[in-house]
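**Q** could you work out the structure for the sequence below:
(one chain, ligands or ions: 1)
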Amino acid sequence: MKPYRIETTCVQGGYTPKNGEPRQIPIVQSTTFKYDTGEDMGKLFDLEASGYFYTRLQNPTNDYVAAKIAALEGGTAAMLTSSGQAANFFAMFNLASCGDHMVASSSIYGGTFNLISVTMAKMGIETTFVSPDCTDEELNAAFRPNTKLVFGETIANPALTVLDIEQFAKAAHAHGVPLIVDNTFATPVNCRPIEWGADIVTHSTTKYIDGHGVSVGGAIVDGGKFDWMAHKEKFPGLCTPDESYHGITYAEKFGMGGAFITKCTAQLMRDFGSIQSPQHAFYLNLGLESLHVRMERHCENGQKVAEYLQNHPKVERVSYCGLPGDKYYERAQKYLPHGSCGVVSFELKGGREAASVFMNSLRLAAIETHVADARTCCLNPASTTHRQMNDEQLKAAGVPAGLVRMSCGLENADDLIEDIAQALDKVE
Ligand SMILES: *Cc1c(COP(=O)(O)O)cnc(C)c1O
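**A** Now for the predicted structure:
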């Protein structure tokens, strides 16, 4: 059967109740599952049969919602995690371990930058950062024999750079490794990285997918197209027996479509335990059901606010890839033809001080360390999310000290613009 269109999948994907079953995705609020015999349960432990035995590993509610996200991204398998941080860590650590190397775009979320450059470095995993605007030569030069993956964000938070997914995928594949794309800001409604060559897609579902600022969560989707066995020597974790799991070789037993997520669940979720609760997965699904409707309005408001700011005399520069003339406009036309997101960033002529007066004068937009929910909010990254970075790193990440990131919500655009106008009036 032909897959349904994205809007229908947002509403009804992942869960098809049988005769007499609940119409809504049920919240299976149970840590454990009952079996008649020890042998029945043993088969589950051995991954010989599929089913549930302990919610740290799998839970039906989470699986329904993960299946919906997999369908939205055009992937073969998916899992939910407790946060976006856990999703990115799991996705990378599922492939790279001590002594390995990764290539990452330098324009990424501050939390991910910290995870890669500090915490994973302590674990013995080194990373080379490349500009999202690098040439093929620069990109290829970043690889080493022990490189295990390439990482980037479709639309980077907060720099709003747009990744050339095809370029990064091509380089990754030429070096026999997969491309992981964090698709948080675009959401599968506006971009499906797997269709452009990405192999693994991650999400902080805390953002648009939840969309209401109610629950922290993450997701990992496998596109199922990367042939692990063709690069056996690079990925022993997938291509040789896992002694911690009864000698299973994931790539053989679960194939290209299932190996990555099965290993990630069986090893990393088992050992690190960063699960999403079934209750949170239920909330996540409520967000998914309206994602396609909300994204349209977020983008419409983002576009109108960006156009207003662009023409304002107190504004130095606006970054929004929907603006003709934006550095990423052409690339966005290719990868994000229906819109990008509701996040607009801009630099006030008065720098850090002006940004502070402006933000403190806003009435509708709240100052929050958050983006992508129904209510408009704003932030000065240099003094908050990115404060662990020095000026040089901030510049490399495309986040100058006076930058304001505004996440346009679902309010009336004219109200948002009037609020911005009165706050800009207060700036000297
Ligand atoms: C917020 C964010 C993360 C981290 O997600 P949490 O859910 O906050 O852990 C990762 N990547 C991007 C692009 C984000 O915006």
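**Q** tell me which helix or strand in the protein has the weakest average pLDDT.
**A** When the helices and strands of the chain are scored by mean pLDDT, DSSP states H and E, helix 391-396 comes last with a mean of 72.
**Q** summarise which helices and strands the helix or strand following that one is packed against.
**A** Later in the chain than helix 391-396, the nearest helix or strand by DSSP states H and E is strand 403-407. Other helices and strands packing on strand 403-407, by 3 or more CB pairs under 8 Å, 6 or more residues apart in numbering; DSSP states H and E, are strand 343-348, helix 351-361, strand 377-379. Yep, even glycine has a C-beta here, placed from its N, CA and C like the rest.
**Q** give me the contact list for the least confident helix or strand of the chain.
**A** For helix 391-396, contacts defined as CB atoms under 8 Å, 6 or more residues apart in numbering pick out 106, 113, 129, 131, 381-382, 386, 400-401.
**Q** quick one: which of these sit in strands?
**A** Phe129 (DSSP state E).
**Q** how is this structure divided into domains?
**A** 9-286, 292-425 (automatic domain parsing).
**Q** please identify the deepest-packed of those domains.
**A** domain 9-286 (a mean of 20; mean count of other CB atoms under 10 Å).
**Q** thinking again about what came up before, tell me the one of the contacts of helix 391-396 nearest the ligand?
**A** Nearest to the ligand among those is Phe113, at 10.0 Å by CB to the nearest ligand atom.
**Q** can you tell me the SS state at the nearest residue to Gly342 once chain neighbours are set aside?
**A** Once flanking residues are discounted, Gly342 sits nearest to His298: 3.2 Å by CB to CB, 6 or more residues apart in numbering. Following DSSP: H, G, I helix; E, B strand; the rest coil, His298 is assigned to helix.
**Q** contacts only, for Lys207.
**A** By CB under 8 Å, 6+ apart, the contact set of Lys207 is 84, 184-185, 371-373.
**Q** what score does it have for pLDDT?
**A** Lys207 is assigned a predicted lDDT (pLDDT) of 97.
**Q** before we move on, what about Gly398?
**A** For Gly398, the model assigns a pLDDT of 67.
**Q** returning to what we had before: of the contacts of helix 391-396, which is the nearest to Thr61?
**A** Nearest to Thr61, judged by CB to CB, of the contacts of helix 391-396 is Phe113 at 32.2 Å.
**Q** was I right about that closest one contacting Thr385?
**A** No: using CB atoms under 8 Å, Phe113 is not in contact with Thr385; the gap is 10.1 Å.
**Q** residue of the chain nearest the ligand, please.
**A** For the chain, CB to the nearest ligand atom, closest residue to the ligand: Gly84, 2.2 Å.
**Q** where does this structure have low pLDDT?
**A** For the chain, the stretches with pLDDT under 70 are 1, 391, 397-398.
**Q** go again with 50.
**A** The model of the chain has no residue with pLDDT under 50.
**Q** how about the residues of it near the ligand?
**A** 83-85, 88, 109, 111-112, 153, 157, 182, 184-185, 204, 206-207, 216, 218 (CB under 6 Å from any ligand atom).
**Q** check contacts around Ala77.
**A** By CB under 8 Å, 6+ apart, Ala77 lies in contact with 70, 221-222, 224, 257-258, 260-262.
**Q** adding secondary structure and distance to Glu330, write these out as CSV.
**A** Converted to CSV, the contacts of Ala77 look like this (DSSP: H, G, I helix; E, B strand; the rest coil; distance: CB to CB, whole Å):
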residue, secondary structure, distance to Glu330
Ala70, helix, 30
Val221, strand, 27
Asp222, strand, 30
Gly224, coil, 30
Gly257, helix, 34
Gly258, helix, 37
Phe260, helix, 32
Ile261, helix, 34
Thr262, helix, 39
